[in-house]
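J.: Sequence below, structure please.
(one chain, ligands or ions: 1)
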Amino acid sequence: MKNNPNPKGHVIVLPYPAQGHINPLLQFSKLLVRKGLKVTFATTPYTINLIHEPTVSVEPISDGYDEGGFNHAPSLESYIESYRSVGSKTLSELIMKLRHSCAVNCIVYDSMLTWALDVAKQFGIYGAVFLTNAASVCCIYWEMKLGNLVFPLEKWVLPISFPGLPTPLGVSDLPSFVARPDDHKAYLDAIMGIFQTLENNDWVLCNTFQELETQALDGKWPVIPVGPMVPSAYLHQPSSDDTAYGATLWNPISSKSYMTWLGTKPPRSVVYVSFGSMATTTAKQAKEIATGLKASEKKFIWVVKESWDILPEGFISGLDDAGLVVTWCNQLEVLAHPAIGCFVTHCGWNSVLEALSIGVPMVTVAQWSDQPTNAKLVEVVWGVGTRAHKDSDGVLSGKELEKCIREVLDGGKSEDLKRSASKWSESAARALSVGGTSDKNISEFVKILISGKG
Ligand code: UDP
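T.: Prediction:
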């Protein structure tokens, strides 16, 4: 389906320029185009050439760091501030430019870019925030905005409890921005900015689905589930031509020899290890992972996007057929390969939704941000994974990793994990199939845009 040249509704979709934000927002854009809207995907000059999605138009918007993006900013605070001032101006210019061809009547913006709502209001068009976290995580921020969290959290007298999450919840199960607010002030301020203005949006869209987070979506706050934002070929529609997000920001993949290698392995026998696009692995941690993988005696694919100097000496040359180390891969393709039986993940929300949608059980190795809470949901609420405990220095030992991999692949729990994973995978597919909960929500959104103001 091509971007509708003559539609009644025209949406600008504005992602935060990071892999874990561009993927779901680009996927959402594709779904809107399929339902009849015109979509202009506005992203930074630094990321624009990495978007390869023919169904949406792509336009530049400046964050003030056109050359090197976020990496050239002196701090997160200054990056967010720069994007706010330069971005507001260039977004307004873009809206004015598009008036001549096809007027924009809505901005769907990433939750890190709250200023986009002010631009929408200025132009009298709709504004919709797109939350890229789990609804259960967002509920915690919502409670925080309402003043219902008492700090410091360690002194809390009652068990900490939130909709959809097990009670009691440990402080370490909360998003790190909430558990350790002083360590992450810029992120927390940005997130609180969203929740302070949440009700000013015409829509609050969330990358989740009703059946997955029923309690967190219980109507106490104004949220509409539209996910999971995973290309439809991975949602029980193997014949679909929607097989990729359409953007790769990190080490574009030149060879997919890992897929050929996977093809030589038995079903559900290989461990896939990846900690997403942002987390970094120290040499000490890499050594433990290498030890754990070897001791598990399972074949593996391990994404190491840092310099391979962090790996133990002789590790790569001694691998033989035991496993592959890659700098980056097409994660969706790897997860969907029948040979994959276990995903060792940092629990970024996209990775969790991908594993749930495809039906792959997980070993959770959360690091920061929303990941600890996602890990809790994966293990305790959805029963699709097992948590790898770190030592007091925050390092995951090889022994612990070996134990968890064995538990997922051949321990007593493995059948239950597989059953739950396949149940959630069917549920995810239903949510986005015609008439499913998320599909209906998206259709309703599109209907209003086609008939509404702007
Ligand atoms: N990803 C990928 N190849 C890799 C590692 C990650 O394509 O080797 C993709 C993955 O499919 C996901 C995104 O990068 O869509 C990472 O997002 P997530 O929310 O899981 O983690 P973040 O990178 O934001 O920490």
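J.: contacts, neighbours, all on C-alpha from now
T.: Will do.
J.: In the stretch 351-454 of the chain, what residue comes closest to the ligand?
T.: Proximity of the stretch 351-454 of the chain to the ligand (CA to the nearest ligand atom) peaks at residue 351, 3.6 Å away.
J.: Burial check on that residue, number of neighbours?
T.: Neighbourhood size, residue 351 [other CA atoms under 10 Å]: 21.
J.: contacting residues for it?
T.: Residue 351 makes contacts with 276, 345, as judged by CA atoms under 8 Å, 6 or more residues apart in numbering.
J.: so is it in a helix, a strand, or just coil?
T.: helix (DSSP: H, G, I helix; E, B strand; the rest coil).
J.: pLDDT value on it, please?
T.: pLDDT for residue 351: 98.
J.: repeat for residue 102
T.: With respect to pLDDT, residue 102 scores 89.
J.: Give me the spatial nearest neighbour of it, chain neighbours excluded.
T.: Closest residue to residue 102 apart from its sequence neighbours, by CA to CA, 6 or more residues apart in numbering: residue 10 at 7.1 Å.
J.: Show me what that neighbour is bridged to.
T.: Beta-bridge partners for residue 10, by DSSP bridges, are residue 38.
J.: List phi and psi for the closest residue to residue 336 other than its chain neighbours.
T.: Among residues not flanking residue 336 along the chain, residue 358 sits closest, at 6.0 Å (CA to CA, 6+ apart). The phi/psi pair for residue 358 (degrees, to the nearest 10) reads phi -90, psi -20.
J.: check contacts around residue 358.
T.: 234-235, 335-336, 422, 425.
J.: what about the residue of the stretch 351-454 of the chain closest to the ligand, distance to residue 37?
T.: Distance, residue 351 to residue 37, using CA to CA, to the nearest Å: 28 Å.
J.: what do you get for residue 149?
T.: 40 Å.
J.: Over to residue 439?
T.: 15 Å.
J.: what do you get for residue 396?
T.: Residue 396 is 47 Å from residue 37, by CA to CA.
J.: With residue 204 instead?
T.: Distance from residue 204 to residue 37, by CA to CA: 19 Å.
J.: hmm, what's the outermost residue in this structure?
T.: residue 100 (34.7 Å; CA atoms, centre = their mean).
J.: Just the pLDDT at the residue nearest to residue 275 when sequence neighbours are not counted, thanks.
T.: Distance criterion CA to CA, 6+ apart; nearest residue to residue 275, sequence neighbours excluded, is residue 346 at 4.7 Å. With respect to pLDDT, residue 346 scores 98.
J.: number of nearby residues for residue 346?
T.: Neighbours around residue 346, by other CA under 10 Å: 24.
J.: OK, contacts around it?
T.: The contact partners of residue 346, taken as CA under 8 Å, 6+ apart, are 274-276, 364-367, 371.
J.: which of these has the most neighbours?
T.: Using other CA under 10 Å as the neighbour test, those are led by residue 364, with 29 neighbours.
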